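> structural data only, the sequence is not supplied:
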Ligand code: ADP
Ligand code: MG
């Protein structure tokens with residue numbers, strides 16, 4: 001297997017106009033291969049356009065027509081440019097349609113009366129007229145280019161300011177003609193599948209003759225990329241297993257004591273998963289494991305069991321949480337359990353360092369003492385302070401980056417790594433995101449929990465809801481009121497939150513109400529949370545800072561304002577804050593006349609509390625991109641691949657990658673070097689830009 005040829009830069013190629021280079025760069029297109037992998041976003045069949053519509057529609061129409069006239073108006077700060085488009089027969093066959101752009105002066109320079117246009121967009125009714133606002137459009141200029149742009153299935157590639165779609169199309173057409181396509185590196189090894197990636201695949205996906213050919217080509221390219229991804233994951237997995245690692249057997253004595261003192265019996269799921277983890281830690285290789293379990297399934301106990309095993313083996317154990325609130329909560333929880341056994345626990349967050357003796361920074365003063373350390377992920381960057389780090393538990397993994405995990409794995413003390421996530425992830429995605437990890441799943445939640453009733457309500461019902469809430473508070477329950485606002489920098493929202501807070505104080509008087517959000521300093525946040533946890537506050541007005549992990553079993557009501565503004569999985573996470581005690585709980589999702597998919601989304605939550613079902617619905621409603629947060633994977637982009645539609649390809653690719661690495665461990669050192677470098681570069685850039 002040979003090394004890949006060096007990439008060809010687009011800049012300097014005779015057929016790439018220098019005036020386009022900046023725009024290409026903005027799209028992330030630097031090399032010839034980048035350009036060839038700039039796949040169409042969609043295709044338009046320009047042999048057969050849609051009929052001019054008679055009424056508004058939720059689906060976009062692709063129309064071809066002639067510009068009858070244009071006009072330009074100013075309304076205060078708004079500049080409105082309009083073009084009237086009619087069919088080629090002078091509007092004999094249908095009514096003309098209005099195309100409208102706001103504040104986009106350059107469009108006016110591009111579209112003139114008499115131009116032939118292809119437009120794409122949703123027709124809507126505006127003051128009795130049929131209008132497409134901000135349609136995608138392309139001026140069909142001359143017959144010379146016609147074969148490329150017109151009278152065929154035409155690809156529509158992602159465009160940028162300075163690189164309109166038809167120029168992108170021309171450049172890609174050029175690239176296909178000028179490149180030796182058989183030299184483009186393939187990831188899927190020769191001879192393994194009997195289906196080589198033919199040069200024609202590139203042509204077929206960019207300029208298909210028909211959609212069947214296009215789909216076949218797309219699947220070949222997807223297979224290639226998915227295989228590359230799986231090969232990376234499989235080799236990461238193999239190298240983690242191979243490099244270092246210690247047997248951390250423990251004695252089981254301390255845990256026995258903990259277990260006897262617990263106020264509940266562990267679930268079968270917990271016992272099973274604890275056993276898996278215990279064996280993995282006891283083995284002489286390092287553990288690299290994902291623990292998946294829905295909100296409230298009891299992951300913390302599983303983590304604690306593992307941490308005690310590390311401690312018993314003479315190693316330190318650290319638990320990292322994504323937020324300070326959560327770190328603090330784990331710390332208090334652990335101390336309650338571990339203080340009687342005299343196992344020292346240390347809290348390390350950016351704002352506070354405390355140990356179980358109330359002394360600050362014992363850890364720094366006495367660095368060799370094996371201890372259980374709880375902190376926020378800032379802790380990780382200071383990881384050098386650990387003397388003998390035997391286990392790292394990362395709570396709520398979706399908030400962490402892959403590189404951070406990698407940094408841990410490279411430590412000389414080769415800590416075992418346990419990653420915990422409550423986000424239920426469909427299987428294909430687990431294979432992709434966490435394909436380098438072994439997986440344990442907590443399948444069942446503890447019994448004896450109160451039911452959660454979820455209700456979607458119009459805000460108009462608020463007075464009745466307040467009455468109900470007051471009744472529950474008087475009965476001794478606690479409540480969360482959640483707002484979608486107040487992210488770090490939004491001054492205005494802070495003001496709004498303060499107003500809302502005062503409103504709730506007045507409405508619920510004499511019950512005590514507190515508030516936490518991202519702009520409150522860590523000290524006050526901590527003390528508000530403590531007051532809520534310990535029952536001095538009856539109600540907590542909060543933002544999504546309470547989204548993950550917060551555990552106050554007496555809180556049985558959650559009112560979520562403007563619920564339609566949250567994502568489904570996020571709502572599910574939020575709802576996981578209640579229903580943690582034996583009492584029946586209520587989650588009230590308020591909306592302000594939400595319609596369509598907004599309401600549909602909320603109704604999913606009314607119907608089910610199964611995290612996997614919700615994750616799948618979310619995937620369908622939003623598409624996978626959002627859920628995965630590709631920035632976190634450190635993997636190459638999926639290209640034309642779709643994790644749902646192409647899950648069969650991913651499964652095959654995974655099998656093949658595992659087989660190949662088993663037979664031929666050297667493979668990853670040869671032809672895939674450049675892919676791996678690419679991945680690393682990508683991951684680093686993403687982590688940097690994430691701050
Ligand atoms: P999550 O998986 O969401 O992190 P936690 O670990 O915070 O869930 O557990 C949620 C609550 O359930 C906690 O109050 C915890 O003490 C309690 N819990 C854990 N295991 C059990 C069990 N086997 N039976 C009853 N309650 C349990
Ligand atoms: Mg948790």
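Arrived safely, thanks for sending. Computed from a predicted structure; not experimentally measured. Ligands and ions are numbered 1, 2, ... in the order given.

> now for the residue of the stretch 101-250 of the chain found nearest ligand 1: which residues touch it?
Nearest residue of the stretch 101-250 of the chain to ligand 1: residue 250, at 20.2 Å (Cβ to the nearest ligand atom). The C-beta positions use only the backbone N, C-alpha and C, and glycine is treated the same way. Counting by Cβ atoms under 8 Å, 6 or more residues apart in numbering, residue 250 touches 278, 281, 282, 308, 309, 310, 311, 312, 313.

> just residue 550 next, same as before
With the criterion set at Cβ under 8 Å, 6+ apart, residue 550 makes contact with 325, 326, 329, 529, 577.

> tell me how far it lies from ligand 1.
9 Å (Cβ to the nearest ligand atom, to the nearest Å).

> just the contacts of residue 550 now: which is nearest residue 13?
residue 326 (51.9 Å; Cβ to Cβ).

> now, the most widely separated pair of the contacts of residue 250?
282 and 311 (14.1 Å).

> looking at these two, which is more packed in?
Per other Cβ atoms under 10 Å, whichever of residue 282 and residue 311 has more neighbours is residue 311, with 24 against 16.

> surely the more buried one is in contact with residue 372?
Yes - judged on Cβ atoms under 8 Å, residue 311 makes contact with residue 372 at a distance of 6.2 Å.

> anything in contact with each of these two?
317, 343.

> so what pLDDT did residue 403 get?
For residue 403, the model assigns a pLDDT of 53.

> number of residues surrounding whatever residue of the stretch 501-650 of the chain ends up closest to ligand 1?
Going by Cβ to the nearest ligand atom, ligand 1 is nearest to residue 551 of the stretch 501-650 of the chain, at 4.4 Å. Per other Cβ under 10 Å, the neighbour tally for residue 551 reads 16.

> equivalent analysis for residue 530, please.
Counted with other Cβ under 10 Å, residue 530 comes out at 14.

> from what I can see residue 132 touches residue 101, true?
No - checked against Cβ under 8 Å, the pair residue 132 and residue 101 is beyond contact range at 9.9 Å.

> and those two? Which one has more around it.
residue 132 (25 against 21).

> can you list the domains in the chain?
What automatic domain parsing lists as the domains of the chain is 43-157, 253-442, 452-609.

> can you flag the weakest of those domains by average pLDDT?
domain 253-442 - the lowest mean pLDDT of the domains of the chain, at a mean of 79.

> quick one: name the residues of the stretch 351-500 of the chain near ligand 1.
Within the stretch 351-500 of the chain, the positions adjacent to ligand 1 are 422, 446 by Cβ under 6 Å from any ligand atom.

> same question for the chain.
264, 266-267, 270, 293, 295-301, 422, 446, 549, 551, 553, 580.

> what subset of those residues is buried?
Among the residues of the chain next to ligand 1, the ones that count as buried by 16 or more other Cβ atoms under 10 Å are 266-267, 270, 293, 295-301, 422, 446, 549, 551, 553, 580.

> surely residue 22 meets residue 160?
No - look at residue 22 against residue 160 with Cβ under 8 Å: they stay out of range, at 9.3 Å.

> more neighbours, those two?
residue 160 (18 against 13).

> residues contacting the nearest residue to residue 372 once chain neighbours are set aside?
Computed as Cβ to Cβ, 6 or more residues apart in numbering, the closest residue to residue 372 that is not its neighbour in sequence is residue 345, at 4.8 Å. When contacts are counted by Cβ under 8 Å, 6+ apart, residue 345 touches 331, 334, 335, 338, 339, 355, 356, 371, 372, 373, 374.

> what strand or helix carries the third one?
Secondary structure here is read from DSSP states H and E; on that basis residue 335 sits in helix 324-338.

> which helices and strands sit right next to that helix?
Packing partners of helix 324-338 (3 or more Cβ pairs under 8 Å, 6 or more residues apart in numbering; DSSP states H and E): helix 253-261, helix 299-312, strand 316-321, strand 345-348, strand 372-376, helix 522-533.

> can you give me the buried ones in stretch 528-536?
So for stretch 528-536, counting by 16+ other Cβ under 10 Å, buried means 528, 529, 532, 533.

> contacts for the helix holding residue 335 next, please.
For helix 324-338, using Cβ under 8 Å, 6+ apart, the contacting residues are 258, 261-262, 300, 304, 319-321, 344-345, 347, 349-352, 356, 372, 374-376, 395-396, 516, 522, 525-526, 529, 533, 545-546, 548-551.

> buried ones from the residues you listed, can you make that a ChimeraX selection?
Entered in ChimeraX, the line below selects the buried ones among the contacts of helix 324-338, by 16+ other Cβ under 10 Å:
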select :258,300,304,319,320,321,344,345,347,349,352,356,372,374,375,376,395,396,516,525,526,529,533,545,546,548,549,550,551
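
> got phi/psi on residue 120?
phi -140, psi 120 (degrees, to the nearest 10).

> can you tell me the SS state at residue 81?
strand (DSSP: H, G, I helix; E, B strand; the rest coil).

> nope, residue 441 is what I meant
Residue 441 - assigned by three-state DSSP - is strand.

> quick one: it and residue 292 touch, right?
Yes - counting by Cβ under 8 Å, residue 441 touches residue 292, with 4.9 Å between them.

> who's more crowded, those two?
residue 292 (24 against 17).

> and that one, helix, strand or coil?
Classified using three-state DSSP, residue 292 is strand.

> does it have beta-bridge partners, and which?
Under DSSP bridges, the beta-bridge partners of residue 292 are residue 421, residue 441.

> where's it relative to residue 204, distance?
Noted for residue 292: a distance of 39 Å to residue 204, by Cβ to Cβ, to the nearest Å.

> do the same with residue 89
Counting by Cβ to Cβ, the gap from residue 89 to residue 204 is 34 Å.

> more neighbours, these two?
A count of neighbours by other Cβ under 10 Å puts residue 204 above the other of residue 89 and residue 204, at 21 against 10.

> the more buried one belongs to a helix, doesn't it?
Yes - the assignment for residue 204 by three-state DSSP puts it in a helix.

> that one touches residue 217, doesn't it?
Yes - contact between residue 204 and residue 217 holds when scored by Cβ under 8 Å: they sit 3.7 Å apart.

> any shared contact partners between these two?
Common neighbours of residue 204 and residue 217, counting by Cβ under 8 Å, 6+ apart, are absent.

> follow-up on the earlier one: just the buried members of the contacts of residue 550?
The neighbour-count test (16+ other Cβ under 10 Å) marks 325, 326, 329, 529, 577 as buried among the contacts of residue 550.
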